[in-house]
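**Student:** Let's see this in three dimensions:
(one chain, ligands or ions: 1)
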Amino acid sequence: MVKRHDEQGPTVVTKDPMQETRKRDHIELTQKAQTIKSEVDSRFFYEPLLSAHPNSENSLSTLFLDKKMSAPFWISSMTGGVGEARHINQNLARVCREFSLGMGLGSCRSLLESDKYFEDFNLRPVLGNDLPFFANLGIAQVETLVHKNETKKIIDLLNRLDTDGLIVHVNPLQEWFQPEGDKFQYSPIDTIERLCRTFEGSNKKIIVKEVGQGMGPKSLKALLDLPISAIELASFGGTNFSKLELMRSKESQFSKIDSLSKVGHTSLEMISFLNNLLNANPKYLEKQIIISGGIDNFLDGYYLQEQLNFISVIGMAKSFLSRSENYEELKTFTEAQIEGLKMARAYLHVKSPEAL
Ligand SMILES: Cc1cc2nc3c(=O)[nH]c(=O)nc-3n(C[C@H](O)[C@H](O)[C@H](O)COP(=O)(O)O)c2cc1C
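**Tutor:** Reported below is the predicted structural model:
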């Protein structure tokens, strides 16, 4: 039996039909429900008294890169151009549409040469026009096109895919580890600056990212000084493409030099760089950030997002990929991220570094 107050009277007593089952479950599961003190997630103050449970009015909607997303989650650039990629990409785009999220494609390099795999990447019809959707190229391909004055090929690609713009991944370590990797003839910042000039008047946006090792303060500042729209952190602590190439290249001359796969910056460190740069130059606030690299779930994302002073969304690659074969599994995971983030916003306050 439970007691509750309502408008008809001070106290009403009602029968709770699940009470007996629940009580039995509680007794049976107590042993399994023990927690270990050292496993407490000490990043947050948990404040159970200060909020009601979230309801439909607790909106997570975010205006990101001029488009409205219902929640600040982003599917980071992944795959295309292999057999199973089409099914995976279709599912990823479908979940973006169902929950109004944003998405970056994996490298569209093959589409510069042929349309054989076009349908793997042709996701605008699935996403609809209202959500942010970006193509992706490596800096090596961009360098070649920029220096041959062929950037029209990039704009054509973006128009064919009807994307809001281009994500450029900058990956000197990955290319170095990759047996068939490209070598840059120019500094990436020089290439990106030239790319920005050719994009003027095109209404296409540019995002720049790494591929799992993040970037230091000088590179971040150089990007913030360019007319790009956003930076994706792709930081250290999650999928790392240098490490991945090392595993692919057992025979390569570099296979024993794994120390360079361990350098880089975590998201937390990059957030501190970005906030310091913003303090020095408030104009940088016009840039937006995709926080990504090693984010397992909404709680990691919430922890980081709360500390960053820029408009941001939470990007995940591996966590979405590992559920992408099965749409129902992907949908359940995505829904849990959204509802979990609402709960985190209601009941968790991030501890300042001094409180840790
Ligand atoms: C299977 C797979 C393929 C990827 N391909 C690309 C790519 O083509 N272009 C790119 O910029 N990043 C690519 N990435 C890197 C991700 O966008 C992301 O930066 C990185 O995986 C870190 O995120 P995570 O720790 O959540 O996996 C790929 C990641 C995965 C897992």
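**Student:** For the rest of this, base every contact and every neighbour count on C-alpha atoms.
**Tutor:** OK.
**Student:** Taking the centroid of the protein, which residue is nearest it?
**Tutor:** The residue lying closest to the centre of the chain (C-alpha atoms, centre = their mean) is Gly315, at 0.9 Å.
**Student:** my read is that residue is in a strand, agree?
**Tutor:** Yes - according to DSSP: H, G, I helix; E, B strand; the rest coil, Gly315 belongs to a strand.
**Student:** Surely it and Ala71 touch.
**Tutor:** No - between Gly315 and Ala71 there is no contact under C-alpha atoms under 8 Å: 11.5 Å.
**Student:** Would you mind measuring the gap between the ends of stretch 271-287?
**Tutor:** Length of stretch 271-287, first residue to last, C-alpha to C-alpha, to the nearest Å: 13 Å.
**Student:** element containing Asn89, please.
**Tutor:** helix 85-99 (DSSP states H and E).
**Student:** Please list the residues outside that helix that contact it.
**Tutor:** With contact meaning C-alpha atoms under 8 Å, 6 or more residues apart in numbering, helix 85-99 is reached by 70-71, 75, 79-80, 101-103, 119-121, 123, 126-128, 131, 320-321, 324-327, 330-331, 334-335.
**Student:** hey, where'd the helices end up in the stretch 251-356 of the chain?
**Tutor:** 267-280, 298-305, 318-321, 327-347 (DSSP state H, counting those that start in this stretch).
**Student:** For those helices, could you give me JSON lines that also reports mean neighbour count?
**Tutor:** Converted to JSON lines, the helices of the stretch 251-356 of the chain look like this (neighbours: other C-alpha atoms under 10 Å):
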{"stretch": "helix 267-280", "mean neighbour count": "18"}
{"stretch": "helix 298-305", "mean neighbour count": "20"}
{"stretch": "helix 318-321", "mean neighbour count": "20"}
{"stretch": "helix 327-347", "mean neighbour count": "18"}
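**Student:** Okay, angle between the helix holding Asn89 and helix 327-347 too, please.
**Tutor:** 40 degrees (axes from the mean of the first three to the mean of the last three C-alpha atoms, to 10 degrees).
**Student:** in helix 85-99, what counts as buried?
**Tutor:** In terms of neighbour count (16 or more other C-alpha atoms under 10 Å), helix 85-99 has its buried residues at 85-97, 99.
**Student:** Which pair of those spans the longest distance?
**Tutor:** Ala85 and Phe99 (21.1 Å; C-alpha to C-alpha).
**Student:** roughly how far apart are Tyr327 and Asn297?
**Tutor:** Distance from Tyr327 to Asn297, by C-alpha to C-alpha: 18 Å.
**Student:** can you check Leu105 too?
**Tutor:** 20 Å.
**Student:** In terms of neighbours, single out the busier of these two.
**Tutor:** Leu105 (26 against 20; other C-alpha atoms under 10 Å).
**Student:** Would you mind writing the CA trace of stretch 91-104 as CSV?
**Tutor:** Extracted in CSV, the C-alpha atoms of stretch 91-104 (Å, rounded to 0.1, in the frame of the first residue of the first chain):
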residue,chain,number,x,y,z
ASN,A,91,21.1,2.7,-39.9
LEU,A,92,23.2,5.6,-38.5
ALA,A,93,21.4,8.1,-40.7
ARG,A,94,18.0,6.6,-39.7
VAL,A,95,18.7,7.0,-36.0
CYS,A,96,19.9,10.6,-36.6
ARG,A,97,16.6,11.3,-38.3
GLU,A,98,14.5,9.6,-35.7
PHE,A,99,16.1,11.6,-32.8
SER,A,100,17.2,14.7,-34.8
LEU,A,101,20.9,14.4,-34.4
GLY,A,102,23.9,15.4,-36.6
MET,A,103,26.2,13.2,-38.6
GLY,A,104,29.6,13.3,-40.3
